[in-house]
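Colleague: next one to model:
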Amino acid sequence: MSAGETAFDGYRWQNRLLLVFAPDADNALHRRQQEMLLVAEHGLNERDIVVIFVIEDAVSTKGRPAGPVSAVDLREVYGALPHEFRVVLVGKDGGVKLRQEEPISAADLFALIDSMPMRKQEMRQRSERVR
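Modeller: Prediction:
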């Protein structure tokens, strides 16, 4: 297993990861993705989503470095070339659930996640706790 594959083991079974790859911070697709996610913070938190940005050679989450992993390793593992924009959703089980070259709206992201068996189970468990 490569460093990129094991770098996020601490998130496994705890969080879903949305990896946003971009060639630079001024990339139009990257900026649009950031805007889409900015207004969706509550939904991201509710679904245990951690957003990780891989911009140039930096890997960050919430504006801080995201652990001991290199952008090169992550690009290799998730098939993102340095000059392209890519979004990858990694499930709590560590498997890739979505890979696309365009920004994803919060509504589409949430609909995809909410259709997954693990998320349905989480919603059932949360509603049972509320009763």
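Colleague: identify the residues contacting the residue nearest in space to the middle of the chain.
Modeller: Nearest to the geometric centre of the chain sits residue 18, at 0.6 Å (Cα atoms, centre = their mean). By Cβ atoms under 8 Å, 6 or more residues apart in numbering, the contact set of residue 18 is 37, 44, 49-52, 87-90, 109. Every residue, glycine included, has its C-beta placed from N, CA and C.
Colleague: can you tell me how far residue 80 is from residue 91?
Modeller: 18 Å (Cβ to Cβ, to the nearest Å).
Colleague: touching the longest helix anywhere in the chain from outside, list them.
Modeller: The longest helix of the chain (DSSP state H) is helix 117-130. Helix 117-130 has contacts (Cβ under 8 Å, 6+ apart) with 47-48, 91-93, 113-114.
Colleague: average model confidence for it?
Modeller: In this model, helix 117-130 has a mean pLDDT of 81.
Colleague: good, wrapping up.
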